[in-house]
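> quick one, structure for this:
(one chain, ligands or ions: 3)
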Amino acid sequence: MKQQVKQELTRKVFIKTYGCQMNVYDSERMGDVLAGEGYATTQDQAEADLVILNTCHIRERAAEKVFSEVGKIVKANRLSQGKQARIAVAGCVAQAEGAEIIKRAPGVDMVFGPQSYHRLPELLARADRGEKAIIDTEFPAAEKFAKLPDAAKPQGLAPVSAFLTVQEGCDKFCSFCVVPYTRGAEYSRAITDIERELEKLIQRGVREVTLLGQNVNAWAGQGPDGRIWSFAELLERLSTHADLARLRYTTSHPRDMNEALIRAHAENDKLMPYLHLPVQSGSDRVLAAMNRQHTAQSYIDLIASIRQARPDIAISGDFIVGYPGETEAEFEQTLKLVEEVRYAAAYSFAYSPRPGTPAATKTDQVSEAVKKARLHKLQALLSQQMQEFNRNCVGRVLPVLLEKPGRNAGQLIGRSPYLQSVHLQADPALLGQIVPVHIEAVGPNSLSGHYEASDSTPIHGGHRI
Ligand code: SAH
Ligand code: SF4
Ligand code: F3S
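Ligands and ions are numbered 1, 2, ... in the order given. Predicted structure coming up:
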């Protein structure tokens, strides 16, 4: 199964992806598996023979969106004189609510969880034989990674940057979160598998790789010598691949940020100065109730030592407001933590009770109005900090990896080391290269600047040499 069967692509699949980067990566892998079954991927749902919704279960509205999407496809099928698209629900909602989906949406042909993607050919064959309402939500991740084709092409629109899943699953069981139930126990891929996939990406022109995992820094996998290696060792090893210019990783848990990993941020030139490190709350009582296993102060101290290693690092975070029982004073502590840390980017959410998680059964739920007001206040502060971080880049020369053409004529879009999108005028022949860009202005979600061909000092990773 590893080698794709070369056959004519006679049918079409449309894959709609919700949720996190791992779903983006998984959708590509599903596309690769289906290519071996004669399916070409299409961006036009109307011409698809198979529609796969790759779903997310992290918050309430995510699941609701899926049900409404299924309803729309069922309706389109009913109205269509000709083509009937088969409907598949994959991803985390499928894993968590497989039976419920089949019950609530009888038009769905098959439901399968994140650990079943390598079994897609078998599931499709069963559907072809006329079997209805197929459910496959088995677990072990090792089997999936062994049988799925490697990522052979970069995901999304930017062919020079790609995701590579190295770790999946979570053993942390934060009391609000569904991920341990939808993705299963922590599993780390072996280094030889990761390097084989990395080599293929590099051959396709990828210069920047983002290593993915639900708790990526908890990665502990088999090294080429048979010993279990640490995440810091994995980063060091991957950065020896000469044609790889930049490395990133996400998402990390504060508990797994060890000394060696912090040192890597000081020593490894290819490791970009950006770290997404969710904290969720600034109140120790709330953090304990969430089972985060760290305190506000231990997080602040951690950030301080990371900044000592790499002073310019951009810190990003995740926050939840309105966890059951959160008081106004406890919420204020979150604002205080934010003031202290100063974030370059952040994602913040109103707490959403998830069925099957311990926090959902708590009787002291916070009202929607209060959650909304707190979220508003937190987001105002975070967005102020983000703008400040961006403004501080004006006047600097940043090494920018040129990723894709922009919307305007002659415009290219690239990424700074801090993950900011940078717009500039430059020759499209430079796509895939890292060039020094003089940052001149800040837009709502991006920076803009100019590049002079005379500046063409070669740049490796994030640093000028
Ligand atoms: N593995 C990562 C994050 C996974 S989910 C980590 O441990 O940090 C991404 C983010 O969604 C979380 O960090 C959290 O902020 C948010 N989230 C998860 N469950 C949630 C819930 N029930 N309600 C609101 N936000 C939630
Ligand atoms: Fe969810 Fe917590 Fe695991 Fe992150 S560490 S995936 S928030 S349970
Ligand atoms: Fe969503 Fe599953 Fe990712 S719940 S955030 S798609 S791990």
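> quick one: the helices in the stretch 101-250 of the chain?
With DSSP state H, counting those that start in this stretch as the criterion, the stretch 101-250 of the chain has helices at 120-128, 141-147, 179-183, 191-203, 231-238.
> export those as JSON lines, with columns for mean neighbour count and distance to ligand 3.
All C-beta atoms are positioned from the backbone trio N, CA, C, and that covers glycine. Shown next, in JSON lines, are the helices of the stretch 101-250 of the chain (neighbours: other C-beta atoms under 10 Å; distance: least, C-beta to the nearest ligand atom, whole Å):
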{"stretch": "helix 120-128", "mean neighbour count": "16", "distance to ligand 3": "18"}
{"stretch": "helix 141-147", "mean neighbour count": "17", "distance to ligand 3": "12"}
{"stretch": "helix 179-183", "mean neighbour count": "22", "distance to ligand 3": "5"}
{"stretch": "helix 191-203", "mean neighbour count": "18", "distance to ligand 3": "19"}
{"stretch": "helix 231-238", "mean neighbour count": "22", "distance to ligand 3": "19"}
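> and those, which one is worst for confidence?
The minimum mean pLDDT among the helices of the stretch 101-250 of the chain belongs to helix 141-147 (a mean of 79).
> stretch 276-289 vs ligand 1: in contact?
Yes. Against ligand 1, stretch 276-289 shows contacts by C-beta under 6 Å from any ligand atom at 278, 280.
> run through who's touching that stretch.
When contacts are defined by C-beta atoms under 8 Å, 6 or more residues apart in numbering, stretch 276-289 is touched by residues 174-175, 250-254, 257, 290, 292, 294-297, 299, 302-303, 315-320, 323-326, 330-331, 333-338, 341, 345, 359.
> which positions within that stretch qualify as buried?
Neighbour-count burial for stretch 276-289, with 16 or more other C-beta atoms under 10 Å as criterion, is recorded at 276-284, 286-287, 289.
> so how far does it reach from one end to the other?
End-to-end span of stretch 276-289 (C-alpha to C-alpha, to the nearest Å): 22 Å.
> hmm, which of the contacts of stretch 276-289 are the buried ones?
Counted by 16+ other C-beta under 10 Å, these give 174-175, 250-254, 257, 290, 292, 294, 296, 299, 302-303, 315-317, 319-320, 323-324, 326, 330-331, 333-335, 337-338, 341, 345, 359 as buried.
> among the residues you listed, name the ones in helices.
Mapping the buried ones among the contacts of stretch 276-289 onto helices (DSSP state H) picks out 296, 299, 302-303, 330-331, 333-335, 337-338, 341.
> just to revisit the earlier point, JSON lines please, covering the buried residues of stretch 276-289 and showing distance to residue 208 and pLDDT.
Formatted as JSON lines, the buried residues of stretch 276-289 follow (distance: C-beta to C-beta, whole Å; pLDDT from 0 to 100):
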{"residue": "276", "distance to residue 208": "15", "pLDDT": "98"}
{"residue": "277", "distance to residue 208": "20", "pLDDT": "98"}
{"residue": "278", "distance to residue 208": "22", "pLDDT": "98"}
{"residue": "279", "distance to residue 208": "26", "pLDDT": "98"}
{"residue": "280", "distance to residue 208": "28", "pLDDT": "98"}
{"residue": "281", "distance to residue 208": "32", "pLDDT": "98"}
{"residue": "282", "distance to residue 208": "32", "pLDDT": "98"}
{"residue": "283", "distance to residue 208": "36", "pLDDT": "98"}
{"residue": "284", "distance to residue 208": "37", "pLDDT": "98"}
{"residue": "286", "distance to residue 208": "36", "pLDDT": "98"}
{"residue": "287", "distance to residue 208": "33", "pLDDT": "98"}
{"residue": "289", "distance to residue 208": "38", "pLDDT": "98"}
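> reformat the residues you listed as JSON lines; add distance to residue 117 and secondary structure.
JSON lines is the format used below for the buried residues of stretch 276-289 (distance: C-beta to C-beta, whole Å; DSSP: H, G, I helix; E, B strand; the rest coil):
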{"residue": "276", "distance to residue 117": "25", "secondary structure": "strand"}
{"residue": "277", "distance to residue 117": "29", "secondary structure": "coil"}
{"residue": "278", "distance to residue 117": "26", "secondary structure": "coil"}
{"residue": "279", "distance to residue 117": "32", "secondary structure": "coil"}
{"residue": "280", "distance to residue 117": "30", "secondary structure": "strand"}
{"residue": "281", "distance to residue 117": "34", "secondary structure": "coil"}
{"residue": "282", "distance to residue 117": "38", "secondary structure": "coil"}
{"residue": "283", "distance to residue 117": "39", "secondary structure": "coil"}
{"residue": "284", "distance to residue 117": "40", "secondary structure": "helix"}
{"residue": "286", "distance to residue 117": "36", "secondary structure": "helix"}
{"residue": "287", "distance to residue 117": "35", "secondary structure": "helix"}
{"residue": "289", "distance to residue 117": "35", "secondary structure": "helix"}
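> farthest pair within the residues you listed?
With C-beta to C-beta as the measure, no two of these lie farther apart than 276 and 289, at 23.0 Å.
> would you mind listing what in this structure touches ligand 3?
So far as C-beta under 6 Å from any ligand atom goes, the chain lies against ligand 3 at 19-20, 22-23, 56-58, 91-92, 178-179, 182-183.
> go with 5 Å
With C-beta under 5 Å from any ligand atom as the criterion, the chain meets ligand 3 at residues 19-20, 23, 56-58, 92.
> which of the three states applies to the residue lying closest to residue 182 once chain neighbours are set aside?
Take residue 182 and drop its neighbours on the chain: the residue closest to it by C-beta to C-beta, 6 or more residues apart in numbering is residue 92, 3.8 Å away. Here residue 92 is helix, with the state taken from DSSP: H, G, I helix; E, B strand; the rest coil.
> go on, the one 4 residues further on?
In the three-state summary, residue 96 is assigned as helix, counting by three-state DSSP.
> and the gap between it and residue 30?
Separation of residue 96 from residue 30 (C-beta to C-beta, to the nearest Å) stands at 19 Å.
> the two: which has the busier surroundings?
residue 30 (24 against 20; other C-beta atoms under 10 Å).
> got the contact list for residue 391?
Applying C-beta under 8 Å, 6+ apart, we find residue 391 in contact with residue 442.
> kindly report the residues of the chain close to ligand 2.
170, 172, 174, 177, 179, 214.
> quick one: the fifth one and residue 213, what's the gap?
Distance, residue 179 to residue 213, by C-beta to C-beta: 11 Å.
> what does the first one give?
The gap separating residue 170 from residue 213 is 9 Å, by C-beta to C-beta.
> any idea which helix or strand carries residue 40?
If you go by DSSP states H and E, residue 40 is part of strand 39-41.
> ok, that strand: who's next to it in the sheet?
Its sheet considered, strand 39-41 pairs with strand 11-17 (parallel) by DSSP bridges.
> now residue 263, nearest residue through space, not along the chain?
residue 309 (6.4 Å).
> give me the neighbour count for that neighbour.
With other C-beta under 10 Å as criterion, residue 309 counts 16.
> surely it touches residue 259?
No. Contact criterion C-beta atoms under 8 Å: residue 309 and residue 259 do not qualify, at 9.6 Å.
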